[in-house]
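Predicted model and sequence follow; I will ask about them next.
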Amino acid sequence: MSSRPTILVTGGAGYIGSHCCRALDAAGYQPIIYDNLSTGHRSFAAGALVVGDIADKATLARTFVEHDIVAVMHFAASSLVGESVVTSTPLAPIPPAASASCARSKPTSSRAP
Ligand SMILES: NC(=O)c1ccc[n+]([C@@H]2O[C@H](COP(=O)([O-])OP(=O)(O)OC[C@H]3O[C@@H](n4cnc5c(N)ncnc54)[C@H](O)[C@@H]3O)[C@@H](O)[C@H]2O)c1
(Lines give C-alpha, C1' and ligand atoms only; values in the text may rest on other atoms or scores of the structure.)
Protein backbone atom coordinates (compact mmCIF):
# COMPACT_ATOMS: atom_id res chain seq x y z
CA MET A 1 0.00 0.00 0.00
CA SER A 2 1.31 3.47 -0.92
CA SER A 3 2.07 6.03 1.79
CA ARG A 4 1.09 8.81 -0.61
CA PRO A 5 -2.31 10.52 -0.07
CA THR A 6 -4.86 8.69 -2.22
CA ILE A 7 -7.27 10.61 -4.46
CA LEU A 8 -10.26 8.94 -6.15
CA VAL A 9 -10.59 10.31 -9.69
CA THR A 10 -13.94 9.51 -11.29
CA GLY A 11 -13.72 9.57 -15.07
CA GLY A 12 -9.97 9.12 -14.71
CA ALA A 13 -9.75 7.09 -17.94
CA GLY A 14 -11.13 10.03 -19.92
CA TYR A 15 -9.41 13.05 -21.40
CA ILE A 16 -9.39 15.50 -18.50
CA GLY A 17 -9.32 12.85 -15.78
CA SER A 18 -6.30 11.05 -17.20
CA HIS A 19 -4.29 14.29 -17.34
CA CYS A 20 -5.41 15.03 -13.80
CA CYS A 21 -4.10 11.62 -12.67
CA ARG A 22 -0.70 12.30 -14.23
CA ALA A 23 -0.55 15.67 -12.50
CA LEU A 24 -1.55 14.10 -9.18
CA ASP A 25 1.15 11.44 -9.54
CA ALA A 26 3.78 14.09 -10.34
CA ALA A 27 2.65 16.09 -7.29
CA GLY A 28 3.11 13.14 -4.94
CA TYR A 29 -0.44 11.81 -4.74
CA GLN A 30 -1.72 8.31 -5.49
CA PRO A 31 -4.61 8.47 -8.00
CA ILE A 32 -7.21 5.71 -7.96
CA ILE A 33 -9.20 5.81 -11.18
CA TYR A 34 -12.91 5.01 -11.05
CA ASP A 35 -14.44 4.77 -14.52
CA ASN A 36 -17.06 2.72 -16.36
CA LEU A 37 -15.02 2.99 -19.61
CA SER A 38 -18.10 4.13 -21.56
CA THR A 39 -16.00 6.74 -23.38
CA GLY A 40 -12.72 6.33 -21.50
CA HIS A 41 -9.83 4.04 -22.36
CA ARG A 42 -8.10 1.51 -20.15
CA SER A 43 -4.79 2.56 -21.72
CA PHE A 44 -5.31 6.15 -20.50
CA ALA A 45 -5.40 5.02 -16.88
CA ALA A 46 -2.35 6.43 -15.10
CA GLY A 47 -2.70 4.45 -11.89
CA ALA A 48 -4.87 1.76 -10.35
CA LEU A 49 -8.15 1.38 -12.23
CA VAL A 50 -11.48 0.35 -10.72
CA VAL A 51 -14.01 -0.33 -13.50
CA GLY A 52 -17.36 0.79 -12.13
CA ASP A 53 -20.24 3.19 -12.60
CA ILE A 54 -20.72 6.11 -10.22
CA ALA A 55 -24.32 4.94 -9.81
CA ASP A 56 -23.05 1.57 -8.51
CA LYS A 57 -23.06 2.24 -4.77
CA ALA A 58 -21.75 -1.21 -3.82
CA THR A 59 -18.63 -0.93 -5.97
CA LEU A 60 -18.06 2.63 -4.79
CA ALA A 61 -18.37 1.58 -1.16
CA ARG A 62 -15.96 -1.33 -1.70
CA THR A 63 -13.47 1.03 -3.34
CA PHE A 64 -13.57 3.33 -0.30
CA VAL A 65 -13.02 0.35 2.00
CA GLU A 66 -10.08 -0.96 -0.04
CA HIS A 67 -8.30 2.39 -0.40
CA ASP A 68 -7.59 5.11 2.15
CA ILE A 69 -9.15 7.85 0.02
CA VAL A 70 -8.70 11.39 1.31
CA ALA A 71 -10.43 13.28 -1.52
CA VAL A 72 -12.52 12.80 -4.67
CA MET A 73 -12.04 14.60 -7.98
CA HIS A 74 -15.11 14.12 -10.14
CA PHE A 75 -14.72 14.03 -13.94
CA ALA A 76 -17.12 11.21 -14.85
CA ALA A 77 -19.42 12.70 -17.46
CA SER A 78 -21.27 12.17 -20.72
CA SER A 79 -19.60 15.08 -22.43
CA LEU A 80 -19.18 14.18 -26.10
CA VAL A 81 -20.51 17.11 -28.12
CA GLY A 82 -20.82 15.04 -31.31
CA GLU A 83 -22.98 12.45 -29.62
CA SER A 84 -25.27 15.16 -28.30
CA VAL A 85 -25.96 16.64 -31.76
CA VAL A 86 -26.31 13.48 -33.90
CA THR A 87 -28.65 11.55 -31.65
CA SER A 88 -32.37 12.23 -31.99
CA THR A 89 -33.08 10.98 -28.49
CA PRO A 90 -31.87 12.84 -25.42
CA LEU A 91 -28.74 11.46 -23.80
CA ALA A 92 -29.39 9.72 -20.54
CA PRO A 93 -28.00 12.09 -17.94
CA ILE A 94 -25.85 10.93 -15.07
CA PRO A 95 -28.33 11.51 -12.25
CA PRO A 96 -27.17 14.00 -9.63
CA ALA A 97 -27.87 11.32 -7.05
CA ALA A 98 -25.16 9.16 -8.63
CA SER A 99 -22.61 11.93 -8.28
CA ALA A 100 -23.72 12.52 -4.73
CA SER A 101 -23.28 8.84 -3.93
CA CYS A 102 -19.53 9.32 -4.44
CA ALA A 103 -19.55 11.71 -1.54
CA ARG A 104 -21.83 9.59 0.62
CA SER A 105 -19.60 6.52 0.14
CA LYS A 106 -16.81 8.24 2.05
CA PRO A 107 -16.58 7.04 5.64
CA THR A 108 -17.37 9.81 8.10
CA SER A 109 -13.94 9.81 9.76
CA SER A 110 -11.97 11.68 7.11
CA ARG A 111 -8.23 12.14 7.30
CA ALA A 112 -6.83 15.25 5.70
CA PRO A 113 -3.47 14.82 3.93
N1 LIG B 1 -12.53 18.21 -22.60
C2 LIG B 1 -12.50 19.53 -22.28
O3 LIG B 1 -11.89 20.38 -22.98
C4 LIG B 1 -13.17 20.01 -21.02
C5 LIG B 1 -13.01 21.35 -20.63
C6 LIG B 1 -13.61 21.79 -19.46
C7 LIG B 1 -14.38 20.92 -18.69
N8 LIG B 1 -14.52 19.63 -19.09
C9 LIG B 1 -15.34 18.77 -18.25
O10 LIG B 1 -14.52 17.72 -17.72
C11 LIG B 1 -15.35 16.56 -17.55
C12 LIG B 1 -14.71 15.38 -18.30
O13 LIG B 1 -14.64 15.70 -19.68
P14 LIG B 1 -13.72 14.87 -20.69
O15 LIG B 1 -13.50 15.73 -21.87
O16 LIG B 1 -12.53 14.33 -19.96
O17 LIG B 1 -14.72 13.68 -21.09
P18 LIG B 1 -14.38 12.14 -21.40
O19 LIG B 1 -15.56 11.55 -22.09
O20 LIG B 1 -13.05 12.02 -22.07
O21 LIG B 1 -14.24 11.54 -19.93
C22 LIG B 1 -15.36 11.21 -19.14
C23 LIG B 1 -15.04 9.91 -18.45
O24 LIG B 1 -16.13 9.58 -17.59
C25 LIG B 1 -16.40 8.18 -17.72
N26 LIG B 1 -17.81 7.99 -17.32
C27 LIG B 1 -18.92 8.45 -17.97
N28 LIG B 1 -20.03 8.12 -17.30
C29 LIG B 1 -19.60 7.44 -16.18
C30 LIG B 1 -20.29 6.83 -15.09
N31 LIG B 1 -21.64 6.86 -14.99
N32 LIG B 1 -19.55 6.21 -14.13
C33 LIG B 1 -18.19 6.16 -14.21
N34 LIG B 1 -17.50 6.72 -15.23
C35 LIG B 1 -18.19 7.36 -16.21
C36 LIG B 1 -16.11 7.85 -19.18
O37 LIG B 1 -15.85 6.48 -19.43
C38 LIG B 1 -14.87 8.74 -19.43
O39 LIG B 1 -13.66 8.04 -19.13
C40 LIG B 1 -16.75 16.92 -18.08
O41 LIG B 1 -17.54 17.33 -16.99
C42 LIG B 1 -16.47 18.08 -19.00
O43 LIG B 1 -17.60 18.92 -19.15
C44 LIG B 1 -13.92 19.15 -20.22
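Everything's here; your move. Numbering: from 1, shown residues only.

what's the burial count for the nearest residue to residue 59 once chain neighbours are set aside?
Closest residue to residue 59 apart from its sequence neighbours, by C-beta to C-beta, 6 or more residues apart in numbering: residue 52 at 3.8 Å. Just so you know, the C-beta spots here come from the backbone N, C-alpha and C atoms, and that holds for glycine as well. As a burial measure, residue 52 scores 19 neighbours (other C-beta atoms under 10 Å).

Ok, residue 26 next?
Neighbours of residue 26 (other C-beta under 10 Å): 9.

Please tell me how far it sits from the ligand.
18 Å (C-beta to the nearest ligand atom, to the nearest Å).

One more: residue 16?
In this view, residue 16 and the ligand are 3 Å apart by C-beta to the nearest ligand atom.

Any residues of the chain in contact with the ligand? List them.
Taking C-beta under 6 Å from any ligand atom as the test, the list of the chain residues beside the ligand reads 10-11, 13-17, 35-40, 53-55, 75-80, 94.

Report the buried members of those residues.
The neighbour-count test (16 or more other C-beta atoms under 10 Å) applied to the residues of the chain next to the ligand identifies 10-11, 13-14, 17, 35-36, 39-40, 53-55, 75-77, 94 as buried.

Isn't the residue nearest to residue 59 up against residue 38?
No. Proximity of residue 52 to residue 38 does not meet the contact threshold set by C-beta atoms under 8 Å, at 11.4 Å.
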